[in-house]
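**Q** generate a structure from the sequence data that follows.
(one chain, ligands or ions: 1)
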Amino acid sequence: MTKNSPASSAQKADPAASADSKVKLSAEALAARMPNGWQGDAALIWREWNFPTYLDGVHFAERVAQQAEAVKHHPDLLITYKKVRVSYTTHDAGGVTGLDLEEAASLDELR
Ligand SMILES: C[C@H](O)[C@H](O)[C@H]1CNC2=NC(N)=NC(=O)C2=N1
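**A** Numbering: from 1, shown residues only. Below you'll find the model as predicted:
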């Protein structure tokens, strides 16, 4: 691929397409690439957000779910009072992949 060639249509259409969702990351690779604010291990990564109201958390979870459906990569969502925990793993790979990291890093803008 030459330097100036445009990204493939698949990458433009589906940003998650660029992240490898097939290969489970090693613990070392994961430690080096863990997105800010996230924690976990090679099996699963998670992060919690606090909200002023319960419904603010529910609406955040809805935005996360909408994005998940768009990219066909679905986190677990635990909605509790004024708090939401999002957990990512790639079921098809048996653990955390680059796609999980990419999706996790993107959620701050949905807050
Ligand atoms: C066909 C469909 O895209 C796949 O089953 C997707 C759905 N959402 C998914 N979400 C997650 N977290 N892991 C997967 O392996 C996965 N696979």
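**Q** tell me where this structure is predicted with low confidence.
**A** Within the chain, the stretches falling below the threshold (pLDDT under 70) are 1-18.
**Q** secondary structure element for Q66?
**A** Using DSSP states H and E, Q66 sits within helix 54-71.
**Q** and that helix, what does it pack against?
**A** strand 76-80, strand 83-88, helix 98-106 (3 or more C-beta pairs under 8 Å, 6 or more residues apart in numbering; DSSP states H and E). Any C-beta I mention is one placed from the backbone N, CA and C, and that applies to glycine too.
**Q** ok, which of those comes nearest A32?
**A** Comparison of the helices and strands packed on helix 54-71 against A32 by C-beta to C-beta identifies helix 98-106 as nearest, at 10.4 Å.
**Q** which neighbouring elements make contact with the closest one?
**A** With contacts defined as 3+ C-beta pairs under 8 Å, 6+ apart, the secondary structure elements packing on helix 98-106 are helix 27-33, strand 45-50, helix 54-71, strand 83-88.
**Q** which residues touch that helix?
**A** Contact with helix 98-106 is made by 15-16, 18-21, 23, 25, 30, 33-36, 38, 45, 47, 67-68, 71, 73, 75, 86, 88-90, as judged by C-beta atoms under 8 Å, 6 or more residues apart in numbering.
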